[in-house]
Structure formats: structure tokens, C-alpha cells
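Visitor: after the sequence you'll find the predicted model.
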Amino acid sequence: MSLYLRSLRPVQLRLIAAIAQLGKLRLAADLCGMTTPAASRMLTDMETQLDTELFERRPKGMVPTPAGAVLVRHASKLVHDVDQMAAEFDAHLAGKGGAVRVGAVTGGALAIVIPAILEMKRESPLVDVSLDVSSTAQLMHGLERGEFDFTLSRVGSDDYSRDFDITPAQTESVLLMVRRGHPLAEAGPVALADLQDAMWTMQDRGAPIRHALEIAFHDEGIDLPENLIKTASVVAIMALLRDSDVIAVITQEVADLLLSPPYNADLVLLETQKPISIEPYYVLCPRDRLMSQAARTLLERVRARLK
């Protein structure tokens, strides 16, 4: 008997679960895609092999016997799991399920990746999406170790062309942000020399946004300010702007996030006499790894937004 139960076919389990759910053999047969006589023969064969009735035939329908209830409970779970497996597999092939891991620099995450993720989740809510917003150095390290399906990051001076497909994405501008009550908030176009003695917050040495500012100060023949608080955290930058006259070095995408609804932060951008540009970031995809359908779908949406 135990061996027979272990050898039950999925269609038999589905029939047991359907009879318990619907209470009518005809309806259960329709649900299972078989004729009523065939369903009746299948049920009778199972009851004969198990030497017990699985359902009590009543005028108003079929009700599981105590032995049948045991079988129904497990059959229903197994049928549900099989249906879930089929749904997830179909969703995976259609790009509506599965998982995708993406990394991005802050500007790329805000302007491109997050809108693309939200667009995909509206159509495919079951996709498991992991987004890491970090520095280029950390993103490249993670990409090389296989932690990401693709990234939006800068590439630095190393030659990655053999390892990755590299597609140009966007350039960014460096902006200077202060609280609305800052002494220079209404000063109009300012030279960097006028800001050298102020307190600043920016990323640590080696970060592209910091490097862009270093070049801008060098081009004006002056040294980088010494009164620095080094952080890449947007939350920390917002707290510093709230409580001090610090000058924050940010990108256009961060400024758009803070100054636009629903946040409408009480902050302003300083107007500089010369624009400060930062090196562009790229879409990087490993050449030697298979990409899931979900990852390919998100990548297509990212590239469509970049166009």
C-alpha cells in the first residue's frame, strides 16, 4: 500500500484534490480534463488498490472519508506545489519571474535603473530584484566576482573590454548644494576660490565626483578645501545640510530627487562660474556568463531609457 501511494501519478492526485474541492465527480473530471467515466474508473481503481473508500457518496455530493481526508490533504499540497512550479517556470521563461541583481552608481540608479525596475515590476511583480547603489570600485569588484548580472558604473583606467560588453550610458554634472539660509545661497555665480575656506562634504579620494572637483579647483590654480567631511551617504549629506552651512558635492540626479516633489527639500544649488563635469558611466555586462530572462528584460528596459 505504501509503495502504491508513492507511485500515484499527478493526474490521480489532481483528481482527488478536485473531488474534495468541488464535491461532484463530473465537475472534478472537467477540471482534470477527462470524461466522467474515466474519472470514475480512476477513483474506483485507487479505492480498490488501497482497500478503502476515499469518498462517501451522498445525495448532495461527495465527502472525503477519514482515510480520504488524509489523502486529500497531501494531494492538495502536492497539486498546489506542481501548479506553482509550472507558473514560476512559465514566468521565468517569459521574463516575468526569476531574479535579477544589478548595481549602479547613484546617478545611474536614480535616473535610469529605478524607473526601469518599477516599470518591470508593474508588469512582472514576481521578479526578485536586488539593487546595490555603490561606488564604481565596489561595483566593479562585485561584477568581477559574479555578484551582479550587470552594472551602471564607470570603468576607470583598467581595460575591461575583453571581459565585459561596455555600452556608453550618460554623462553627469557636479553640483554644489547648500541649505536655503546659507550665506552664499543668493550670491549668484560664484568662483571656487570664494568657497575654499567653507566647510565641504564630498566623497573620499578616488571617487569620480571627488576627482572632478579636484580637477576644477586645479584648473583655477587653487588647492582643494581642507575643511572636509568625507561621506558618500545621501542620508548623511542631507543631515549635514540641515544642521550646518556645509557645501555638498552632488550629482544632478540627487539634486532632482531632493528638490522635486514630494520631498521639496529646503535646499538650493550654488551657481558656479564654470560648469563641473564628471566622467560618464557605462552599462557593463559580463561576456562569459549566462543572463536570466528577468535580467535580460531589465537590461533591455535600461537600454531603452538610455536611448
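Guide: Happy to help now that I have it. Numbers count the residues shown, from 1 in each chain.
Visitor: what's Tyr282 sitting at in phi/psi?
Guide: For Tyr282, the backbone dihedrals are phi -130, psi 160 (criterion: degrees, to the nearest 10).
Visitor: is it in a bridge, and if so with what?
Guide: Beta-bridge partners of Tyr282, counted by DSSP bridges, are Ser153, Pro168.
Visitor: pick out the residue closest to the middle of the protein.
Guide: Val129 (2.8 Å; CA atoms, centre = their mean).
Visitor: can you list the strands that the helix or strand where that residue lies pairs with?
Guide: For Val129, the host element (DSSP states H and E) is strand 128-133. For strand 128-133, sheet partners with direction are given as strand 99-104 (parallel), following DSSP bridges.
Visitor: what mean pLDDT does the next helix-or-strand element following the strand it pairs with have?
Guide: Beyond strand 99-104 on the C-terminal side, the first helix or strand identified by DSSP H and E is helix 106-108. The predicted model gives helix 106-108 an average pLDDT of 90.
Visitor: thinking again about what came up before, just checking, the residue nearest to the centre of the chain touches Lys121?
Guide: Yes: with contact taken as CB atoms under 8 Å, Val129 and Lys121 are classed as touching, separated by 6.9 Å. Glycine gets a C-beta too; all of them are placed from N, C-alpha and C.
Visitor: check contacts around the closest residue to Arg154 other than its chain neighbours.
Guide: Closest residue to Arg154 in three dimensions, ignoring its sequence neighbours and counting by CB to CB, 6 or more residues apart in numbering: Thr136, at 4.3 Å. In this structure, Thr136 makes contact with Val105, Ser153, Arg154, Val155, Gly156, Ala207, Pro208, Tyr281, judged by CB atoms under 8 Å, 6 or more residues apart in numbering.
Visitor: most widely separated two among the residues you listed?
Guide: For the contacts of Thr136, the maximum inter-member distance is 14.3 Å, found between Val155 and Ala207 (CB to CB).
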